[in-house]
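1. Pasting the sequence and the predicted coordinates here, then a few questions.
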Amino acid sequence: MSLTIEVVNQASDRIKMYIIGRLDTNTASQLEATIDDALTEQVTMLTLDLAQLEYISSAGLRVLFKAAKSLKKKNGHFGLMHLQPQIQKVLDIVKALPAVPIFKNEQEMDEYLDAMQQQVVDGED
């Protein structure tokens, strides 16, 4: 599945993006480019609405972390909203173990994240 990004300029300093589909190795660069283009000097707040995001991989997580870091450097704000349960689960895992390398490579991490998200979708939380 592909990724669709809808950008809404709420004000000269605020942008909201609706992220629809899958944020994985194949689509992460698309979101990264869109965010890079949107984060002009004036923009101090970026909100991503993830209500229709079905899946996120480690490549997608990197894009989110990069955006947050970029905004923090200029005293801006970054926010996520309307997370699906499987996306929330992935973010909870990453937050719970931020400095613990538990995967030998990206493929292993993506396989684990995929399995965790599928469990949530299937109702096995």
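-> Nice, thanks for sending it over. Note that this is a predicted model, so its numbers are computed, not measured.
2. C-alpha from now on. contacts and neighbour counts both.
-> OK.
3. how close does Thr4 get to Gly76?
-> 25 Å (CA to CA, to the nearest Å).
4. before we move on, what about Leu61?
-> For Leu61, the distance to Gly76 - CA to CA - is 19 Å.
5. same thing with Thr40?
-> The spacing between Thr40 and Gly76, counted by CA to CA, is 12 Å.
6. what about the two, which has more around it?
-> Between Thr40 and Gly76, counting by other CA atoms under 10 Å, Gly76 is the more crowded of the two (17 against 11).
7. Report the contact partners of the more buried one.
-> 43-45 (CA atoms under 8 Å, 6 or more residues apart in numbering).
8. at 10 Å what do you get?
-> 13-14, 42-46, 68-70 (CA atoms under 10 Å, 6 or more residues apart in numbering).
9. Output those as JSON lines; include the columns secondary structure.
-> Converted to JSON lines, the contacts of Gly76 look like this (DSSP: H, G, I helix; E, B strand; the rest coil):
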{"residue": "Asp13", "secondary structure": "coil"}
{"residue": "Arg14", "secondary structure": "strand"}
{"residue": "Gln42", "secondary structure": "coil"}
{"residue": "Val43", "secondary structure": "coil"}
{"residue": "Thr44", "secondary structure": "coil"}
{"residue": "Met45", "secondary structure": "strand"}
{"residue": "Leu46", "secondary structure": "strand"}
{"residue": "Ala68", "secondary structure": "helix"}
{"residue": "Lys69", "secondary structure": "helix"}
{"residue": "Ser70", "secondary structure": "helix"}
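10. can you pull out the helices in the chain?
-> Under the criterion DSSP state H, the chain contains helices at 28-38, 58-73, 85-96, 106-121.
11. Which of the ones you listed comes out lowest on mean pLDDT?
-> Set side by side, these give their lowest mean pLDDT on helix 106-121, at a mean of 71.
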